[in-house]
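Engineer: take a look and give me a structure for this.
(one chain, ligands or ions: 1)
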Amino acid sequence: MEKKQELYRGKAKSVYATDDANHYIMYFRDDTSALDGQIIKQLDRKGRTNNHFNFFIMKKLEAAGIPVHVEELLSDRECLVKKLDMVPVECVVRNVSAGSICKRLGVAEGLELNPPTFEFFLKNDALHDPMVNDSHIISFGWGTQEQMDEMRRLSYKVNDVLKALFDEAGLILVDYKLEFGLYEGKLMLGDEFSPDGCRLWDKQTRKKLDKDRFRQGLGDVIEGYEEVARRIGCPL
Ligand code: TMP
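Structural biologist: Prediction:
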């Protein structure tokens, strides 16, 4: 499939049109951002690592019956995806408290959340992605109740699959963010799943192996991502 013009440039990925109106090419750059894009740094091997990681995870999810937009790995930095009409909210599932929930609710990091929590955030960097609820999403027309129910159901199904996959690799899936979109009227998992959008800790030592290494200046960011990939058997 032929790659055409860049349609969208996000903080870490670019989306290109193709000669097929129903497909895009997702291109993973080496850019790494924090604080809603206020800090951006290039990290060697990042684009390649996240592209392979995302493809590996999306195919596991697809095999478990979750509809995903990812179709084919095209190169180290590119993959072919279905063109989705994105729902402008992010879905966050948390198994353990960390990050914004600790600040928002004044709770300690590392508390087990049983059952796991589910939250919606509006995709809006200028507003720092505020948390929203079903009522906001319906009243502002960002999505329907049916779509929200399905996003919640699929997000928890992802949790069942990935918690077990990471657990077998000696890792705790602390939390993660998902984005969904519509393809021919059907809700599908879009965007990416990589250590940029989730938290993963070593089960024994609780060492952070995700983007918090960048956010918190811990160093060895991509080395952490590569270690996760190696442990789950994802080829890089
Ligand atoms: P948070 O603790 O900042 O709310 O994030 C929860 C998880 O979701 C964490 O793994 C990071 C991820 N996330 C993103 O990747 N992008 C986002 O815009 C948000 C709100 C969360």
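Engineer: tally of neighbours for Phe166?
Structural biologist: For Phe166, the neighbour count with other C-beta atoms under 10 Å is 22. Placement of C-beta: from N, CA and C, glycine included.
Engineer: no wait, Gly219
Structural biologist: Neighbours of Gly219 using other C-beta under 10 Å come to 9.
Engineer: isn't it right up against Asp212?
Structural biologist: No. In this structure, Gly219 is not within contact of Asp212 by C-beta atoms under 8 Å, at 11.7 Å.
Engineer: dig out what Tyr8 forms beta bridges with.
Structural biologist: Val15 (DSSP bridges).
Engineer: the ligand versus that one, what's the distance?
Structural biologist: Going from Tyr8 to the ligand by C-beta to the nearest ligand atom, to the nearest Å gives 16 Å.
Engineer: that residue contacts Val15, doesn't it?
Structural biologist: Yes. Between Tyr8 and Val15 there is a contact at 4.3 Å, judged by C-beta under 8 Å.
Engineer: of those two, who's got more company?
Structural biologist: Val15 (15 against 11).
Engineer: let me see the contact set for the more buried one.
Structural biologist: By C-beta atoms under 8 Å, 6 or more residues apart in numbering, Val15 lies in contact with Glu6, Leu7, Tyr8, Arg9, Tyr24, Ile25, Met26, Tyr27.
Engineer: point out the residues in this protein that sit beside the ligand.
Structural biologist: Residues of the chain found near the ligand (C-beta under 6 Å from any ligand atom) are 90, 92, 99-101, 121, 129, 175-177, 197-199.
Engineer: what is the nearest of the residues you listed to Arg152?
Structural biologist: Closest to Arg152 out of the residues of the chain next to the ligand is Val92 (11.2 Å), distances taken as C-beta to C-beta.
Engineer: number of nearby residues for the closest one?
Structural biologist: 22.
Engineer: what's the pLDDT at it?
Structural biologist: Val92 carries a pLDDT value of 99.
Engineer: now a ChimeraX select for only the buried ones of the contacts of Val15.
Structural biologist: Restricted to buried positions by 16 or more other C-beta atoms under 10 Å, the ChimeraX selection for the contacts of Val15 reads:
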select :24,25,26,27
